[in-house]
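**Q** A predicted structure for the sequence below; I have some questions about it.
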Amino acid sequence: MLQLLYIVTLVQMVVIVSLSFKTPLRKLVLVVLDRVKRGSGPVVVKTVAGTVAVVMLSSVYSMMLIKKRWMEDGTASQTDEIFMAKNLLETTLMGGLLFHAYIIDKLHHYIKELRIRRKTMETAKKQGQGFEDAGGSGSGSDKVTALEEEIARLRARIKQLESD
C-alpha cells in the first residue's frame, strides 16, 4: 500500500507543478480535469476520498491503541515500534494525498475563474473602444456638459407642459 501512496502522491505533485506554471502540459491537465469533473466523476472522487479518510482514521486509531499499550506496559516492544512507524507513514501519506487533491481542485477552479475574468475584461475593453470610436473626436467633458444642458432644457420643457 505504501508504494501506491508514493506513486499517487508523486503524480499529484506533478499535476500541481504543471498547473502552477504555464506550459503546454497545463492545457492537457486542465482538459483532463474538466472531463473528470463531468458526469459521475465527482461522485467517484468523493467516494475514493471518503474511503481514504476512513482508512486514515483507522490507522490513527491503531496508533492510539499502540500508544495506550506503551503507557500501560511502560516499555515499547520492537514490533509495536515497527507498527507505529508504518501506521504513522501511512497516515502521513494519506493525509498528504487528501491535501494534494484539495489543492488540485482549488487550482483548477482558480485557473478557470481567471480565464473567465480575462475574457470578460477583453470584451469590456472592446466595448469601451467601440464607444470611444463611435463618440467622435469630442472630449468626454464636452459631451457631459452638452448632456447636462440638454437635461436642463428638457426639465424646463416638462415644467412648461405641466403648467399648461
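**A** Yep, it's here.
**Q** tell me the secondary structure at residue 75.
**A** Of the three states, residue 75 takes coil under DSSP: H, G, I helix; E, B strand; the rest coil.
**Q** now it: phi and psi?
**A** The phi and psi torsions at residue 75 (degrees, to the nearest 10) take the values phi -130, psi 160.
**Q** ok, now how distant is the residue positioned nearest the centre of the chain from residue 153?
**A** Centroid-nearest residue in the chain, with Cα atoms, centre = their mean: residue 106, separated by 1.9 Å. Noted for residue 106: a distance of 56 Å to residue 153, by Cβ to Cβ, to the nearest Å. Glycine gets a C-beta too; all of them are placed from N, C-alpha and C.
**Q** who touches stretch 145-154?
**A** Applying Cβ atoms under 8 Å, 6 or more residues apart in numbering, stretch 145-154 has no contact partners.
**Q** for it, output the C-alpha coordinates as CSV.
**A** Presented in CSV, the C-alpha positions along stretch 145-154 are these (Å, rounded to 0.1, in the frame of the first residue of the first chain):
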residue,chain,number,x,y,z
THR,A,145,-21.7,69.4,-20.4
ALA,A,146,-23.8,69.1,-23.6
LEU,A,147,-25.9,66.3,-22.0
GLU,A,148,-26.4,68.4,-18.8
GLU,A,149,-27.6,71.3,-20.9
GLU,A,150,-30.0,69.1,-22.7
ILE,A,151,-31.3,67.7,-19.4
ALA,A,152,-31.9,71.2,-18.1
ARG,A,153,-33.7,72.2,-21.3
LEU,A,154,-35.9,69.2,-21.2
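**Q** pLDDT averaged over it - what is it?
**A** Here stretch 145-154 scores 91 as its mean pLDDT.
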